[in-house]
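Visitor: Sequence below, structure please.
(one chain, ligands or ions: 2)
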Amino acid sequence: MMETEKLMRKVDCPKCRVPLNVARMCDQCGGTLTAFTLLNHVCPIGYLQRCIDVVKKEGKPSDRICPTCVDAMTALIIPGSDPGLELDFCLKCQLLWSDPNELSRLPQKSELEKAQVEAERLINDARKNQAELEAKISNLQQQAALNGAVIGLLLID
Ligand SMILES: [Zn+2]
Ligand SMILES: [Zn+2]
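Guide: Ligands and ions are numbered 1, 2, ... in the order given. You can find the predicted model right below:
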């Protein structure tokens with residue numbers, strides 16, 4: 001495929017081939033292009049990795065085209081889900097294509113998992129704050145040492 005042709009087809013709906021809107025949704029069919037990482041937020045912990053493993057093993061070439069790299073996407077009947085829930089993945093771009101209401105049919109995180117994720121977030125925030133404070137303190141100490149040196153010089157005069 002020519003590069004210009006690729007560019008022209010960029011960010012088109014994999015199904016209707018019309019340009020996607022700014023939210024990477026298709027106004028015509030209501031489908032959505034989503035980053036894999038969204039599944040980490042929505043689905044049980046480890047679910048995304050399981051999906052990727054199954055896509056690699058059992059995925060079938062889809063007639064839908066990845067809007068970003070313009071290669072054929074990989075279709076997968078989502079394991080352990082509603083019957084017939086089929087999503088299209090592009091492993092290269094880490095994107096998935098879903099028709100309207102398909103994402104909400106994916107398994108969701110349990111309350112316990114949500115709490116675990118929230119706890120991890122809080123711990124990470126606390127670590128970051130601590131690192132920032134330590135950097136500030138070390139800056140202040142350097143500043144103080146510098147001021148002390150300047151005062152020392154002034155006294156010598
Ligand atoms: Zn569409
Ligand atoms: Zn792609």
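Visitor: Outline the domain layout of the protein.
Guide: 3-105, 110-157 (automatic domain parsing).
Visitor: Just name the most buried of those domains.
Guide: Comparing those by mean neighbour count (mean count of other C-beta atoms under 10 Å), domain 3-105 comes out on top with a mean of 16. For the C-beta atoms, the positions are set from N, CA and C on the backbone; glycine is no exception.
Visitor: For the residue sitting nearest the centre point of the chain, give me its contacts.
Guide: When C-alpha atoms, centre = their mean is applied to the chain, the residue found nearest the centroid is Thr37 (3.2 Å). Residues in contact with Thr37 (C-beta atoms under 8 Å, 6 or more residues apart in numbering) are Leu48, Gln94.
Visitor: can you check the one 3 residues further on too?
Guide: Residues near Asn40 by C-beta under 8 Å, 6+ apart: Leu48.
Visitor: Off-centre distance for the strand or helix carrying it?
Guide: Assigned by DSSP states H and E, Asn40 falls within helix 37-42. Centroid separation for helix 37-42 versus its chain: 7 Å, with C-alpha atoms, centre = their mean, to the nearest Å.
Visitor: And stretch 127-138, by the same measure?
Guide: 28 Å.
Visitor: what does stretch 145-157 give?
Guide: Distance of stretch 145-157 from the chain centroid (C-alpha atoms, centre = their mean) equals 53 Å.
Visitor: Please state the mean pLDDT value computed over that stretch.
Guide: Stretch 145-157 carries an average pLDDT of 83.
Visitor: how about that stretch as PDB, C-alpha atoms only?
Guide: The C-alpha atoms that make up stretch 145-157 are tabulated as PDB, following Å, rounded to 0.1, in the frame of the first residue of the first chain:
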ATOM      1  CA  ALA A 145      24.900  26.600  52.800                       C
ATOM      2  CA  LEU A 146      25.400  29.100  49.900                       C
ATOM      3  CA  ASN A 147      24.000  31.900  52.100                       C
ATOM      4  CA  GLY A 148      26.300  30.900  54.900                       C
ATOM      5  CA  ALA A 149      29.300  31.100  52.500                       C
ATOM      6  CA  VAL A 150      28.200  34.500  51.300                       C
ATOM      7  CA  ILE A 151      27.900  35.800  54.900                       C
ATOM      8  CA  GLY A 152      31.300  34.300  55.700                       C
ATOM      9  CA  LEU A 153      32.800  36.200  52.800                       C
ATOM     10  CA  LEU A 154      31.100  39.500  53.900                       C
ATOM     11  CA  LEU A 155      32.400  39.000  57.400                       C
ATOM     12  CA  ILE A 156      36.000  38.600  56.100                       C
ATOM     13  CA  ASP A 157      35.700  42.000  54.400                       C
END
